[in-house]
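Participant: Have a look at this prediction, sequence included:
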Amino acid sequence: MSDVIIWHNPACGTSRTTLGMIRDAGIAPRVVEYLKTPPDRATLAATIAAAGLTVRQAMREKGTPHAELGLGDPGLSDDALLDAMLAHPILINRPFVIAPGGTRLCRPSEVVLDILPAGQGRADAAGGRPA
């Protein structure tokens, strides 16, 4: 099993690019199509926290029911936002990548290079790793 996991949406260009960068680094990640297999509440909350984000920062607005659900209301609690994300996984921003070097929301895609295993990330790219 891979020690790199990507929460992937194949319809998202950023997600496809990030997945390609991981694979180009010689890694076969575990791909979780989170729209088909959403995380449970504890995993979602822990992943957001590990990425150093607030729940609101991890929420996607474009192409989602964000406005219709009134999720822009600053008075909504993190619990209410998590409930909405669990009910409508399209609200979870993507792609999240969990790797040995940390957890990140990889927007832009190049952020993934900072968390890949030693010998496969950004520092090695500067040292002549093939592009």
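Facilitator: Structure received. Residues are numbered from 1 along each chain as shown.
Participant: Please work out how many residues are found near A58.
Facilitator: Neighbourhood size, A58 [other Cβ atoms under 10 Å]: 22. C-betas here are computed from N, CA, C, even on glycine.
Participant: Now it. Nearest residue, chain neighbours left out?
Facilitator: I48 (4.5 Å; Cβ to Cβ, 6 or more residues apart in numbering).
Participant: Toward the C-terminus, what is the element adjacent to the helix or strand harbouring the one you found?
Facilitator: Element membership of I48, judged by DSSP states H and E, is helix 41-50. As assigned by DSSP H and E, the chain's next helix or strand after helix 41-50 is helix 78-87.
Participant: what's the angle from that following helix to helix 41-50?
Facilitator: Orientation check (axes from the mean of the first three to the mean of the last three Cα atoms, to 10 degrees): helix 78-87 against helix 41-50 gives 120 degrees.
Participant: The helix holding I48 - contacts with which helices or strands?
Facilitator: helix 78-87, strand 96-99, strand 102-105 (3 or more Cβ pairs under 8 Å, 6 or more residues apart in numbering; DSSP states H and E).
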